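# the sequence and its predicted three-dimensional model are supplied below.
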Amino acid sequence: MVVVLESLDERLSCHSLRERTLLVLFDHGLRELLEVFELSELTNGMEQFPQVLLNVKVSRPVDPNGEPAVRTAVCEAESALGKRGRVVLRASGTEPVIRIMVEGEDRYQVNTLATQLADCVRTAFSREA
(Lines give C-alpha, C1' and ligand atoms only; values in the text may rest on other atoms or scores of the structure.)
Protein backbone atom coordinates (compact mmCIF):
# COMPACT_ATOMS: atom_id res chain seq x y z
CA MET A 1 0.00 0.00 0.00
CA VAL A 2 1.37 3.37 -0.96
CA VAL A 3 0.60 6.16 1.44
CA VAL A 4 0.94 9.88 0.80
CA LEU A 5 3.26 10.88 3.62
CA GLU A 6 2.20 14.50 3.79
CA SER A 7 -1.30 13.53 4.91
CA LEU A 8 0.09 11.27 7.63
CA ASP A 9 2.92 13.40 9.01
CA GLU A 10 1.08 14.93 11.94
CA ARG A 11 -1.08 11.93 12.87
CA LEU A 12 1.44 9.08 13.04
CA SER A 13 4.04 8.99 15.77
CA CYS A 14 6.76 7.03 14.00
CA HIS A 15 7.78 6.92 10.36
CA SER A 16 10.86 6.61 8.17
CA LEU A 17 11.02 7.62 4.53
CA ARG A 18 13.69 6.49 2.11
CA GLU A 19 13.77 6.69 -1.66
CA ARG A 20 11.05 4.40 -3.03
CA THR A 21 10.30 2.96 0.43
CA LEU A 22 7.90 4.12 3.11
CA LEU A 23 8.07 2.23 6.35
CA VAL A 24 5.42 3.10 8.87
CA LEU A 25 5.57 1.49 12.29
CA PHE A 26 2.09 1.22 13.74
CA ASP A 27 1.79 1.45 17.54
CA HIS A 28 -1.79 0.23 17.53
CA GLY A 29 -2.02 -1.64 14.25
CA LEU A 30 -3.80 -1.17 10.96
CA ARG A 31 -7.28 -1.18 12.49
CA GLU A 32 -6.54 1.97 14.48
CA LEU A 33 -5.01 3.63 11.42
CA LEU A 34 -8.19 2.97 9.46
CA GLU A 35 -10.24 4.38 12.32
CA VAL A 36 -8.32 7.67 11.98
CA PHE A 37 -8.28 7.80 8.17
CA GLU A 38 -10.73 6.90 5.45
CA LEU A 39 -9.19 4.49 2.96
CA SER A 40 -9.71 7.11 0.26
CA GLU A 41 -7.51 9.52 2.27
CA LEU A 42 -4.70 6.98 2.39
CA THR A 43 -4.82 6.31 -1.33
CA ASN A 44 -5.51 9.86 -2.47
CA GLY A 45 -2.91 10.81 -5.06
CA MET A 46 -1.69 7.24 -5.46
CA GLU A 47 -0.78 6.43 -9.01
CA GLN A 48 -0.68 2.79 -10.10
CA PHE A 49 1.88 1.81 -12.73
CA PRO A 50 2.07 -1.31 -14.90
CA GLN A 51 4.14 -4.04 -13.28
CA VAL A 52 5.73 -7.17 -14.76
CA LEU A 53 6.81 -10.13 -12.63
CA LEU A 54 9.02 -12.85 -14.11
CA ASN A 55 10.65 -15.94 -12.59
CA VAL A 56 13.82 -17.28 -14.18
CA LYS A 57 14.82 -20.82 -13.23
CA VAL A 58 18.50 -21.36 -12.47
CA SER A 59 20.40 -24.59 -11.86
CA ARG A 60 21.01 -23.81 -8.19
CA PRO A 61 20.32 -20.97 -5.76
CA VAL A 62 22.48 -17.98 -6.68
CA ASP A 63 22.81 -14.32 -5.73
CA PRO A 64 22.00 -12.41 -8.92
CA ASN A 65 23.70 -9.29 -7.55
CA GLY A 66 26.99 -11.18 -7.43
CA GLU A 67 27.13 -11.28 -11.23
CA PRO A 68 28.59 -8.09 -12.78
CA ALA A 69 26.60 -8.40 -16.03
CA VAL A 70 23.34 -8.67 -14.08
CA ARG A 71 24.23 -5.70 -11.86
CA THR A 72 24.99 -3.64 -14.97
CA ALA A 73 21.68 -4.64 -16.59
CA VAL A 74 19.76 -3.67 -13.44
CA CYS A 75 21.50 -0.27 -13.32
CA GLU A 76 20.68 0.34 -16.98
CA ALA A 77 17.03 -0.58 -16.43
CA GLU A 78 16.82 1.70 -13.39
CA SER A 79 18.34 4.55 -15.42
CA ALA A 80 15.85 3.99 -18.22
CA LEU A 81 12.94 4.19 -15.75
CA GLY A 82 14.32 7.15 -13.84
CA LYS A 83 12.38 8.19 -10.75
CA ARG A 84 9.09 7.01 -12.27
CA GLY A 85 9.74 3.28 -11.94
CA ARG A 86 11.60 0.59 -10.06
CA VAL A 87 13.40 -2.70 -10.52
CA VAL A 88 13.60 -5.52 -7.98
CA LEU A 89 15.75 -8.54 -8.71
CA ARG A 90 16.22 -11.18 -6.02
CA ALA A 91 16.82 -14.85 -5.49
CA SER A 92 13.90 -16.87 -4.19
CA GLY A 93 14.38 -18.12 -0.67
CA THR A 94 12.62 -21.42 -1.38
CA GLU A 95 13.57 -22.53 -4.89
CA PRO A 96 16.31 -22.02 -7.51
CA VAL A 97 14.58 -19.05 -9.15
CA ILE A 98 15.52 -15.42 -9.70
CA ARG A 99 12.49 -13.15 -9.29
CA ILE A 100 12.35 -10.07 -11.49
CA MET A 101 9.90 -7.22 -10.98
CA VAL A 102 9.83 -4.10 -13.14
CA GLU A 103 7.33 -1.31 -12.60
CA GLY A 104 6.98 1.96 -14.51
CA GLU A 105 4.68 4.33 -16.36
CA ASP A 106 4.95 2.80 -19.82
CA ARG A 107 3.73 -0.81 -20.17
CA TYR A 108 5.79 -1.46 -23.31
CA GLN A 109 8.99 -0.20 -21.64
CA VAL A 110 8.29 -2.24 -18.50
CA ASN A 111 7.76 -5.43 -20.55
CA THR A 112 10.89 -4.79 -22.60
CA LEU A 113 13.11 -4.12 -19.58
CA ALA A 114 11.80 -7.17 -17.68
CA THR A 115 12.43 -9.40 -20.69
CA GLN A 116 15.95 -7.99 -21.13
CA LEU A 117 16.73 -8.61 -17.46
CA ALA A 118 15.39 -12.17 -17.69
CA ASP A 119 17.55 -12.82 -20.75
CA CYS A 120 20.58 -11.41 -18.94
CA VAL A 121 19.97 -13.66 -15.92
CA ARG A 122 19.53 -16.72 -18.17
CA THR A 123 22.77 -15.91 -20.01
CA ALA A 124 24.72 -15.22 -16.82
CA PHE A 125 23.70 -18.43 -15.09
CA SER A 126 23.17 -20.85 -18.00
CA ARG A 127 26.90 -21.60 -18.17
CA GLU A 128 26.60 -23.10 -14.66
CA ALA A 129 23.97 -25.67 -15.74
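Happy to help now that I have it.
# who touches the lengthiest helix in the chain?
Counting residues, the longest helix found in the chain (DSSP state H) is helix 107-126. Residues from elsewhere that reach helix 107-126 (C-beta atoms under 8 Å, 6 or more residues apart in numbering): 49-54, 56, 58-59, 62, 64, 67, 69-70, 73-74, 77, 80-81, 85, 87, 89, 98, 100-104. (C-beta placed from N, C-alpha, C; glycine too.)
# from those, which would you call buried?
52, 54, 56, 58, 62, 64, 67, 70, 73-74, 77, 80-81, 85, 87, 89, 98, 100-104 (16 or more other C-beta atoms under 10 Å).
# point out the ones among these that are inside helices.
Going by DSSP H, the helices hold 70, 73, 74, 77, 80, 81 from these.
# take those residues and write them to a markdown table, including distance to residue 125 and pLDDT.
What follows is these, written out as a markdown table (distance: C-beta to C-beta, whole Å; pLDDT from 0 to 100):
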| residue | distance to residue 125 | pLDDT |
| --- | --- | --- |
| 70 | 9 | 95 |
| 73 | 13 | 96 |
| 74 | 14 | 94 |
| 77 | 18 | 95 |
| 80 | 23 | 96 |
| 81 | 24 | 94 |
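# low-confidence ranges in this structure?
For the chain, applying pLDDT under 70 flags the ranges 1-36, 39, 42, 127-129.
# rerun that using 50 as the cut-off
Scanning the chain for pLDDT under 50 picks out 1-28, 129.
# okay, domains of this structure per the record?
5-43, 51-126 (automatic domain parsing).
# strands along the chain, start to end?
If DSSP state E is used as the criterion, the strands of the chain fall at 15-18, 21-24, 51-57, 85-91, 97-104.
# okay, these in a markdown table with distance to residue 43 next?
A markdown table is the format used below for these (distance: least, C-beta to C-beta, whole Å):
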| stretch | distance to residue 43 |
| --- | --- |
| strand 15-18 | 17 |
| strand 21-24 | 13 |
| strand 51-57 | 17 |
| strand 85-91 | 19 |
| strand 97-104 | 17 |
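# need the ones in helices among the buried ones among the contacts of helix 107-126 in CSV with distance to residue 93, can you?
Putting those into CSV (distance: C-beta to C-beta, whole Å) gives the following:
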residue, distance to residue 93
70, 18
73, 22
74, 19
77, 23
80, 28
81, 26
